[in-house]
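Engineer: Provided below are the primary sequence and the corresponding predicted coordinates.
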Amino acid sequence: MSDFTVDISQNEYLPEGGNDVDAIITVTAPDTGLAAPTTNSGGAEIIIIDCSGSMRSPRTKIEQARAATAAAVDVIKDGVAFAVIAGTEKAVPIFPLDYGLAIADDQTRYLAKQAVSGVLPRGGTAIGQWLRLANTMFGTHPAELRHAILLTDGQNAHETPEQLGEAITEGLADVVVTAHVPNGYFGEFLVDVTFVAVARPEHPLFAVGHGLSFDDLTRYVQVVVRDSGIKHPRDEGWLGAERRCTVSSMEASLATVKAGLAYAWLPEHVVAESLRNGTLKPLPLATGKERRVPLHLVLVQGEVAGPAARAAAECFQRHVPVTAREGA
């Protein structure tokens, strides 16, 4: 196996209030002098395009994702097996449609690009589901060299920890950020995510007249995000209320609370704007006004992880807020 070198280029500084960092990772293999294979029948490529609601704004997000996917399709060589997956809170093949792989030629590349041109942003984000489907589709072809490209804005906000845990234990990902590190794996602390209980200002809980207790909360409808894990499903953050509204994404949870139908525990950064403009208010809890969820970085292959996985892990670690590192 050849050695690889990985170079990362990015702006080390963020403007005030900035949260996004763009990086270019270049993976280079040296010239080994080995002859190139005479055919491409031993290779398979799957392109996964993020079609979740977060790709809707600005509109250039989804437009650039479509363009990048089409460009990736264009360079797939004749004879290579390939497919394109659209990812939201679930994963769906958009080319071919039979959950298998197509063989690249002028016509299949054209048909794949036509399918990509029609994708629209909607729904949530569950990257573990996308990886699981890609793994299943790779299994339909005997290719020895398998490669997947994931085009996303990185906001995996609509997948529960158990599902990502399953992605780890099933070997579907090389680097995972998760709140729950599965047994048998090591996770490095990255940052705490703060959750707050919120509701519309006119919600009856604000009229109780005292600091809210656990019993007070269980009398009203709570919206929770459904856990899409298969082996150990659970509804994250559910307090045990008999009346609850279960949704499939964080976006749906926020919309339900904004509509005044329930209260919910939501990440502070997700509700920050709604709190500022008064659309939502923090519930006056007697105790436990915040919940902190620690996120950990898991290098799935550990000491034998490849250079690209290590580079991705280092990129996560480098851009953790300084305050988070100091509090660890």
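Structural biologist: Structure received.
Engineer: strands of the stretch 101-250 of the chain, residue ranges please.
Structural biologist: 102-103, 145-151, 175-178, 187-199, 222-225, 244-247 (DSSP state E, counting those that start in this stretch).
Engineer: show me what the first one is in contact with.
Structural biologist: Which is strand 102-103. 79-83, 95-96, 108, 111-112 (C-beta atoms under 8 Å, 6 or more residues apart in numbering). Backbone N, C-alpha and C define where each C-beta goes, glycine included.
Engineer: list just the nearest of those residues to residue 289.
Structural biologist: residue 83 (47.2 Å; C-beta to C-beta).
Engineer: ok, the closest one touching residue 101?
Structural biologist: Yes - shown here, residue 83 and residue 101 form a contact pair, counting by C-beta atoms under 8 Å, at 5.0 Å.
Engineer: the two: which is more packed in?
Structural biologist: A side-by-side neighbour count of residue 83 and residue 101, using other C-beta atoms under 10 Å, places residue 83 first with 28 against 23.
Engineer: I'd like the next helix or strand past the helix or strand in which the more buried one is found.
Structural biologist: Secondary structure assignment for residue 83, by DSSP states H and E: strand 81-87. As assigned by DSSP H and E, the chain's next helix or strand after strand 81-87 is strand 91-95.
Engineer: thinking again about what came up before, turn the contacts of strand 102-103 into TSV, including distance to residue 42.
Structural biologist: TSV is the format used below for the contacts of strand 102-103 (distance: C-beta to C-beta, whole Å):
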residue	distance to residue 42
79	9
80	9
81	9
82	13
83	16
95	21
96	20
108	18
111	23
112	20
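Engineer: how about the helices in the protein?
Structural biologist: 60-74, 106-117, 127-138, 161-169, 214-218, 250-258, 268-276, 307-318, 322-327 (DSSP state H).
Engineer: among the ones you listed, which is nearest residue 225?
Structural biologist: Using C-beta to C-beta, the helices of the chain put helix 250-258 closest to residue 225, at 5.6 Å.
Engineer: no further queries at this time; thank you.
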